[in-house]
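K.L.:
give me a 3D structure for the following:
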Amino acid sequence: MKSPQTRGSLGILGLLILLTLGIGWLGSRATLPEITGWYANLTKPTFNPPNYLFGPVWSTLYLLMAISQWMVWKSSQNKLTKIFFFLMLVSNALWSPVFFKYHQLGWALVILAFYLIILGAWVRCLYQENKTAAYLQSPHLLWVSFATILNASIYFLNR
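P.N.:
Have a look, this model is predicted:
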């Protein structure tokens, strides 16, 4: 039988997973209608991944984000860890509609650059509290760095 403290901790994990996957779901609402329309007609760099890759990659990253934040949730002495986490989620939620719904490639790039800075700050906070939680974000850092380069390339190719 699990202790109430363990159940509460697992409840926090569940809420964090719902929150991160919910952000992803909101982003997909702006993305899906545009994949076969506007986005399909953009000039893209040769390194642009196939569309089917984005969903599984982001779903995995959202789960890793939730797990990392959960690993430091109760022990976190640094409120910046939680602030950076939520700022990152807001940035993530803003990017899809700005890029896909409003077709603002430049502003989407600004949001991604901000996201990458906040992500780096969040990982640094995680590292100070729990190195494993920080290392779990390595794929996230790599993917958002790649996404920033991809967004920049699409922006410059379609000016």
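
K.L.:
okay, now the unreliable bits of the chain?
P.N.:
Scanning the chain with the threshold set as pLDDT under 70 gives 1-8, 32-36, 76.

K.L.:
distance from the chain centre to stretch 120-134, please.
P.N.:
Relative to its chain's centre, stretch 120-134 lies at 16 Å (C-alpha atoms, centre = their mean, to the nearest Å).

K.L.:
mind saving the C-alpha coords of that stretch as CSV?
P.N.:
C-alpha atoms of stretch 120-134 as CSV (Å, rounded to 0.1, in the frame of the first residue of the first chain):
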residue,chain,number,x,y,z
GLY,A,120,18.5,26.6,-20.8
ALA,A,121,17.8,28.6,-17.6
TRP,A,122,15.4,25.9,-16.5
VAL,A,123,17.9,23.1,-17.2
ARG,A,124,20.5,25.0,-15.2
CYS,A,125,18.2,25.3,-12.2
LEU,A,126,17.3,21.6,-12.6
TYR,A,127,21.0,20.7,-12.6
GLN,A,128,21.6,22.5,-9.3
GLU,A,129,18.8,20.5,-7.7
ASN,A,130,18.8,17.1,-9.5
LYS,A,131,21.4,16.2,-12.2
THR,A,132,19.2,13.4,-13.5
ALA,A,133,16.3,15.7,-14.0
ALA,A,134,18.6,18.1,-16.0
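
K.L.:
which other residues reach it?
P.N.:
Contacts with stretch 120-134, where a contact means C-beta atoms under 8 Å, 6 or more residues apart in numbering, come from 67-69, 71-72, 75-78, 80-81, 84-85, 88, 137, 140-141. All C-beta spots, glycine's among them, are computed from the backbone N, C-alpha and C.
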